[in-house]
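Q: Provide a 3D model corresponding to the input given below.
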Amino acid sequence: MIPVRDGADHIGEQLEALTRQTFDGEWEVVLSDNGSTDDTVAIAHTFEDRLNLRVVDSSGGVGASYAHNVGYRAATGEFIACCDADDIVEPGWLDALVAASADHHMIGGRLDEESLNQGVAWRPRVSESALHRTDWLPYAIGANLGIWRSTLESVGGWDVGSLHANDAELSYRVQVEGWTLGFAPDALVKYRHRPDQRSLFHQFYNYGRTDPYVHRRFRADGHPRSSLGLAARRWARIVVTAPRAALVKSTRAEWIYTVAYSLGRVAGSIKHRTLFL
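A: Numbering: from 1, shown residues only. Next up is the predicted model:
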């Protein structure tokens, strides 16, 4: 399943990669289109003779969570494998996710963050060799995960209130409700980072803005409070490194995503009425 909005620049590469999957069982591709205004859907239709592909309309709501929910409900399979429109799955990706699903209810795969990002150093790397770690529970990255339909339905699908970081929110909910989260190291996806610093800012601002929502959602389950001391040190580092960020490109990128993330946490704390800086 692929949630997408205006993905014409890269959707052809991803669909081409899916034609090279080595999985020999019965499977389909569901493209959940969240209101694209470019050629995404037209490009997808050109693959219908090479993939068991269906395009479903998820323009009735906003965001990836809504698109995921429309997509999985339209799917006919019992196991839902998810990838993004701007990445590239390796040929054995689906095999590896399906194999790991025999032992777990939800699976995260591995990311190759080098192949598609030569010369792009805007953002910190996601964990490539394991599930993404936080100071609480691990989570599967949304660009490379699989989940049984029965598990997904038992936890109520993707949370449409979580417009960003919905992969972490879903992973936490699955684990809190007693299901298992596993890792498939052979399920490899070439992962594409944002192409410029403006996009980087918006991405990390949205991550930060979502964190207070996730904390409020799971604090009764043990999600730890944020450290005011760490937040203060982060803001102090922003101030101290500002002059260097103005002059040094590599420092500037780190400064931008740190500022964006910190501002997002402030905005999210206000919106969700919970202090999580």
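
Q: Pull out the buried residues from stretch 34-52.
A: Residues of stretch 34-52 classed as buried by neighbour count (16 or more other Cβ atoms under 10 Å): 34, 36, 39-41, 43-44, 47, 51. Glycine gets a C-beta too; all of them are placed from N, C-alpha and C.

Q: okay, how far is it across that stretch, tip to tip?
A: Across stretch 34-52, the terminal residues are separated by 20 Å (Cα to Cα, to the nearest Å).

Q: As CSV, the buried residues of stretch 34-52 with distance to Ala232 would be great.
A: Listed next are these as CSV, based on distance: Cβ to Cβ, whole Å:
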residue, distance to Ala232
Asn34, 38
Ser36, 43
Asp39, 48
Thr40, 44
Val41, 48
Ile43, 48
Ala44, 48
Phe47, 51
Leu51, 52
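
Q: Those residues into a markdown table, with extra columns for distance to Gly61, pLDDT and secondary structure?
A: Converted to a markdown table, the buried residues of stretch 34-52 look like this (distance: Cβ to Cβ, whole Å; pLDDT from 0 to 100; DSSP: H, G, I helix; E, B strand; the rest coil):
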| residue | distance to Gly61 | pLDDT | secondary structure |
| --- | --- | --- | --- |
| Asn34 | 8 | 97 | coil |
| Ser36 | 14 | 97 | coil |
| Asp39 | 22 | 98 | coil |
| Thr40 | 17 | 98 | helix |
| Val41 | 17 | 97 | helix |
| Ile43 | 23 | 98 | helix |
| Ala44 | 20 | 98 | helix |
| Phe47 | 25 | 98 | coil |
| Leu51 | 26 | 97 | coil |
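
Q: Now for those: which two are most distant?
A: Maximum pairwise distance among the buried residues of stretch 34-52 (Cβ to Cβ): 19.8 Å, between Asn34 and Leu51.

Q: returning to that earlier point: which one of the buried residues of stretch 34-52 sits closest to Tyr139?
A: Nearest to Tyr139 among these: Asn34, at 22.1 Å, using Cβ to Cβ.

Q: can you give me the helices in this structure?
A: Per DSSP state H, the chain carries helices over the ranges 11-18, 40-45, 64-74, 93-100, 149-154, 166-176, 197-218, 228-247, 249-272.
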